[in-house]
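*Asks:* Here's a sequence, model it:
(2 chains)
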Amino acid sequence: MNRASVRASDIKPELDRLRRRGLLRGSLSLGSLALLTGCDLSTHSGVDAALWAMLRFNDRVQAALFSPTRMAETYPASAITNPFRFNAYYPEWQVREVDPADWQLEVSGLVADKTPWSVDKLRALPQEAQITRHICIEGWSQVGQWSGVPLHVFLRRVGADTRARYVAFSCFDGYSTSLDMASALHPQTILALDFEQRPLSPQWGSPLRLRIPIKLGFKSAKNLQSIEVTNTFPGGFWENQGYNWYSGV
Amino acid sequence: MLSKRHANGRVAHAWPIRIMHWVGVYAMSCMILSGWQIYNASPSLPFDFPPWMTLGGWLAGGIAWHISAMWLLFADGLAYLCYGFASGHFRRHLPPPTPAEVIADFGRALRFRLPHRLGRYNAVQRLLYDGVMVVILLAIATGLSIWKPVQLGWLTGLFGGYPVARGIHLAMMGLIVSFVIVHVVLVAIYPRTLMSMVAGLEADPETTP
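*Replies:* This is a model prediction of the structure:
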């Protein structure tokens, strides 16, 4: 825990500034200058509002395309990508560590039992293993092996209201994300304890991470701290900056 | 007045074609420029696109443009296909040429003896226009397959899996851009075709000059 840590809240103003600058630059790029001739170029916010509206429309289309019984392709062990690529919103030397023995998963929101969970208690639940493709929003992909507790097993065990709309995840490295309930209940969505058959190491999300092969990679949050079941839209670290919230694959 | 039409003349490019052409130009430009933005996030070839040539400012902006413009391109393309088949536009003007026709017309083009008649397409033009339609359909199909590799897993499988489908999607972009370059050069050589696609000029007579 003694590593230099950067919380998302610390750098939020900077991120917001970068985001505004990015969208502004986008509106001023060759592409839109050439293509938006005839539009009033002073209405950057109008163009951006339209793009955000399209992202929300796209979320609804994606939810309609989703089938709870369609499975992500699984691979043989020989297909596992080696070496596996590290990815986070910070470089690898900034990975946060906790002692798994001291760590507990907090559960909140629309659940019957809010008792925190230790690693040992999670290991006592039914476990599922998978070798699936992790597809990054940037376009690259890699095949990895994870195992842990199916999220639907966990949610039912804590008496979650599975009619609620969202499941939100907060991480002790300042990251956060959220899922629609249907995707959270998908059989391949797991709370992973192991990567390549060994307990997660810090860079792969120790002690507990989400692994959801039916979403883009940034939804598979590492270093989990708490899970909340809610009807209030929770957003997420990247989602709040403009990554498509649903991001199903 | 949408067109300048003589008493018995035929307009080289009917007004629905002209509208769908320019909507398509806008939609495809957005798709390509935002696609370059997305490509730059993780280049699969040893180069990236200069940021000023891209749309969206950063990855999320590029994706937002890409998945917005795709609906416009989809609507425009669907309208074009319906119109093309229903009106007889494809049957009359764009029947796929035979290899012999292409070779003959390409030979004439190399000897600068291929006449360019407004509203009538030679075999090389038909090959390019039919070809780019197939390429665009493949770009759309591979695009869907890498957008939804689980929900449309059968389509992704058809293209050889996610990484291969992504490569094909990029290659189709390359072919579309190549087409655009050739197309724009030829339009620059025959500027009357640009006038016609904007204002709708009368088609040239059937007879070879």
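
*Asks:* number of nearby residues for the residue in chain B positioned nearest to chain A?
*Replies:* Residue of chain B nearest chain A, by Cβ to the nearest Cβ: residue B:57 (2.9 Å). All C-beta atoms are positioned from the backbone trio N, CA, C, and that covers glycine. As a burial measure, residue B:57 scores 26 neighbours (other Cβ atoms under 10 Å in any protein chain shown).

*Asks:* So which residue is dead centre in chain B?
*Replies:* In chain B, the centroid-proximal residue (Cα atoms, centre = their mean) is residue B:132; its distance is 5.2 Å.

*Asks:* I'd say that one and residue B:179 touch.
*Replies:* Yes - contact criterion Cβ atoms under 8 Å: residue B:132 and residue B:179 qualify, at 4.5 Å.

*Asks:* Per-residue pLDDT of residue A:55, please?
*Replies:* Per-residue confidence (pLDDT) for residue A:55: 89.

*Asks:* so what's the residue nearest to the centre of chain B up against?
*Replies:* Contact analysis of residue B:132 by Cβ atoms under 8 Å, 6 or more residues apart in numbering or on different chains lists B:175, B:176, B:179.

*Asks:* which element is it on?
*Replies:* helix B:123-147 (DSSP states H and E).

*Asks:* tell me the contacts of the spatially closest residue to residue A:58 that is not a sequence neighbour?
*Replies:* The spatially closest residue to residue A:58, leaving aside those adjacent along the chain, is residue B:67, at 5.1 Å (Cβ to Cβ, 6 or more residues apart in numbering or on different chains). The neighbourhood of residue B:67, defined by Cβ under 8 Å, 6+ apart, consists of A:54, A:55, A:58, A:244, B:147.

*Asks:* Equivalent analysis for residue A:95, please.
*Replies:* Contacts of residue A:95 by Cβ under 8 Å, 6+ apart are A:3, A:88, A:173, A:202, A:203.

*Asks:* between those residues, which is closest to residue B:160?
*Replies:* residue A:88 (30.1 Å; Cβ to Cβ).

*Asks:* is it true that that closest one touches residue A:171?
*Replies:* No - using Cβ under 8 Å, residue A:88 makes no contact with residue A:171, being 9.8 Å away.

*Asks:* which residues do those two both contact?
*Replies:* With Cβ under 8 Å, 6+ apart as the test, residue A:88 and residue A:171 both reach residue A:222.

*Asks:* Can you spell out which residues form a bridge with residue A:167?
*Replies:* In this entry, residue A:167 is beta-bridged to residue A:179, residue A:229, by DSSP bridges.

*Asks:* any idea how far it lies from residue A:160?
*Replies:* 8 Å (Cβ to Cβ, to the nearest Å).

*Asks:* just residue A:107 next, same as before
*Replies:* In terms of Cβ to Cβ, residue A:107 sits 8 Å off from residue A:160.

*Asks:* Could you do residue B:87 as well?
*Replies:* Distance from residue B:87 to residue A:160, by Cβ to Cβ: 56 Å.

*Asks:* The two: which has the busier surroundings?
*Replies:* Legend: neighbour count by other Cβ under 10 Å for residue B:87 and residue A:160, higher for residue A:160 (25 against 14).

*Asks:* where does residue 174 land in three-state SS?
*Replies:* Looking at chain A here, since you left the chain open. Residue A:174 falls in the coil class when you classify it by DSSP: H, G, I helix; E, B strand; the rest coil.

*Asks:* Hmm, no, I was thinking of chain B.
*Replies:* Relying on three-state DSSP, one would call residue B:174 helix.

*Asks:* next one: residue B:71
*Replies:* Classified using three-state DSSP, residue B:71 is helix.

*Asks:* burial measure for it, as a count.
*Replies:* Residue B:71: 14 neighbours (other Cβ under 10 Å).

*Asks:* now residue A:166
*Replies:* 20.

*Asks:* Residue A:217 contacts residue A:139, correct?
*Replies:* No - using Cβ under 8 Å, residue A:217 is not in contact with residue A:139, being 10.5 Å away.

*Asks:* give me the element residue B:92 is part of.
*Replies:* helix B:89-93.

*Asks:* list the helices and strands that helix packs on?
*Replies:* helix B:59-86 (3 or more Cβ pairs under 8 Å, 6 or more residues apart in numbering or on different chains; DSSP states H and E).

*Asks:* Break chain A down into its domains, please.
*Replies:* By the record's domain assignment, chain A is partitioned as A:10-64, A:69-241 (automatic domain parsing).

*Asks:* Please work out which of the ones you listed is packed deepest.
*Replies:* Compared across the domains of chain A, domain A:69-241 shows the largest average neighbour count, a mean of 18 (mean count of other Cβ atoms under 10 Å in any protein chain shown).

*Asks:* Pull the residues that contact stretch A:190-198.
*Replies:* Residues contacting stretch A:190-198 (Cβ under 8 Å, 6+ apart): A:80, A:84, A:119, A:122-123, A:127-130, A:144-151, A:154, A:199-201, A:204-205, A:207-212, A:224.

*Asks:* go again using 7 Å as the cut-off
*Replies:* For stretch A:190-198, the surrounding residues in contact (Cβ atoms under 7 Å, 6 or more residues apart in numbering or on different chains) are A:119, A:122-123, A:128, A:130, A:144-151, A:154, A:199-200, A:204, A:208-211.

*Asks:* do you know how far the spatially most central residue of chain A is from chain B?
*Replies:* In chain A, the centroid-proximal residue (Cα atoms, centre = their mean) is residue A:219; its distance is 1.9 Å. Using Cβ to the nearest Cβ, to the nearest Å, residue A:219 is found at 13 Å from chain B.

*Asks:* Would you agree residue B:94 is in contact with residue B:128?
*Replies:* No - between residue B:94 and residue B:128 there is no contact under Cβ atoms under 7 Å: 10.3 Å.

*Asks:* Could you report the pLDDT at residue B:57?
*Replies:* According to the prediction, residue B:57 has pLDDT 86.

*Asks:* make that residue A:7, sorry
*Replies:* For residue A:7, the model assigns a pLDDT of 64.

*Asks:* what's the distance between residue A:64 and residue A:231?
*Replies:* Counting by Cβ to Cβ - residue A:64 and residue A:231 are separated by 20 Å.

*Asks:* One more: residue A:192?
*Replies:* Taking Cβ to Cβ, one finds residue A:192 at 26 Å from residue A:231.

*Asks:* cool, residue A:51 as well?
*Replies:* 26 Å.

*Asks:* what do you get for residue A:46?
*Replies:* Remark: distance between residue A:46 and residue A:231 (Cβ to Cβ) = 31 Å.

*Asks:* same question, residue A:245
*Replies:* Applying Cβ to Cβ, the value for residue A:245 to residue A:231 is 15 Å.

*Asks:* got it, and residue B:132?
*Replies:* 48 Å.

*Asks:* How about residue A:179?
*Replies:* 13 Å.
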